[in-house]
Each structure stands twice: as structure tokens, then as C-alpha cells.
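1. Okay, here's the prediction I keep looking at, along with the sequence it came from:
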Amino acid sequence: MKVFFNELFDYNFYCNKKIIDECIAMDKVPEKSQKLFSHILNAHHIWNCRILGKPSEYGVWQIHATKDWADIHYENQRSSFEITTNADGFDKRIDYENSEGRLFTNTLQDMLFHIINHSTNHRGQIAVDFRNNKQEPVVLDYVYYKR
């Protein structure tokens, strides 16, 4: 399971890095894409903190300057690898509060997969926003990553 999650997080890192590089090269990042990508970074951070039992430094919809994305992204990745490396079992149940203060319990496996799936969903929305703003979306299909 560790190998599987490490591969998924490598793919996630690759995809997010491609979007970061593309946005840094733009004169102006579309506003919706700025909001969505900041949210991807925030959510990844928040879920890592929930898993580790630490307080989050970011709000769910906090906006970050494009120049700060790479550092936040790197720290998210480092933290996720620390989690997967140190995991005794992925079926471990973890209690946490959501952003509205409600209590939930999920397995580590579910929480880690949610980080990946959530990021993929919002990257798709960013691709649509790029097209709507006359920008060519970044190709992020898993098969291209694996080639």
C-alpha cells in the first residue's frame, strides 16, 4: 500500500508542478484558477494536518500568491510522504473535525485517497477555466505521466 500511495503522490506532485510552472509563465493567472489551485494546496495541507493531529495553517479557500505555490506544494508533498512512510497500517481509523467543526472518522487509506481525488477534480476545473480564458490546458492524464 505504501508503494501505491507513494506513486499516487508522485503523480499528484507532477500534475500540480506542471500547473504551477504554467501559471508562473502567464502574464495573469485566471482568477478562478488562482482560487481553485490555492484551494487544492489548502485542502492537501488541511488533510495532512488532520492525519497528523496538527492545527492547519491555512483556511479552506485562502488565496495564495502564485509565487508561493511551489513552496506550499513541496511542503504538502513532504508531509504526505512522511505520513505514508511512517504508516503502520492504512486501515487505521482517524478522528477529525471538518471545516464546520463536525466530527468524523475515516481510515488513513480513505483520507490519503481523498487528497489525490480532490486534487484531480479541481485540476479538471482549472483545465476548463484555462480554455474559457483562451489558455491551452496542461495535459495531465495519468497515462502520459507513466510513459
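-> All right, it came through fine. Owing to the predicted nature of the structure, the values given are computational and were not obtained by experimental measurement. Numbers count the residues shown, from 1 in each chain.
2. Which parts of this protein are strands?
-> Using DSSP state E, the strands found in the chain span residues 93-97, 103-107.
3. For the first one, name the packing helices and strands.
-> Right, the one you point to is strand 93-97. For strand 93-97, the elements it packs on are helix 31-52, strand 103-107, judged by 3 or more CB pairs under 8 Å, 6 or more residues apart in numbering; DSSP states H and E. Heads up, the C-betas are built off the backbone N, CA and C, glycines and all.
4. change it to 10 Å
-> The criterion is 3 or more CB pairs under 10 Å, 6 or more residues apart in numbering; DSSP states H and E, and the helices and strands that strand 93-97 contacts are helix 31-52, strand 103-107, helix 108-132.
5. Check which helices and strands the longest one is in contact with.
-> Helices and strands touching helix 108-132, by 3+ CB pairs under 10 Å, 6+ apart, are helix 2-25, helix 31-52, helix 66-86, strand 93-97, strand 103-107.
6. which residues does the residue nearest to Glu22 when sequence neighbours are not counted contact?
-> The spatially closest residue to Glu22, leaving aside those adjacent along the chain, is Val138, at 5.2 Å (CB to CB, 6 or more residues apart in numbering). By CB atoms under 10 Å, 6 or more residues apart in numbering, the residues touching Val138 are Cys15, Lys17, Lys18, Ile19, Ile20, Asp21, Glu22, Cys23, Arg123, Ile126, Ala127, Phe130.
7. re the thing from before, and the helices and strands packed on helix 108-132 as JSON lines, adding mean pLDDT and mean neighbour count?
-> Formatted as JSON lines, the entries for those read as follows, by pLDDT from 0 to 100; neighbours: other CB atoms under 10 Å:
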{"stretch": "helix 2-25", "mean pLDDT": "97", "mean neighbour count": "17"}
{"stretch": "helix 31-52", "mean pLDDT": "98", "mean neighbour count": "20"}
{"stretch": "helix 66-86", "mean pLDDT": "98", "mean neighbour count": "16"}
{"stretch": "strand 93-97", "mean pLDDT": "97", "mean neighbour count": "12"}
{"stretch": "strand 103-107", "mean pLDDT": "98", "mean neighbour count": "12"}
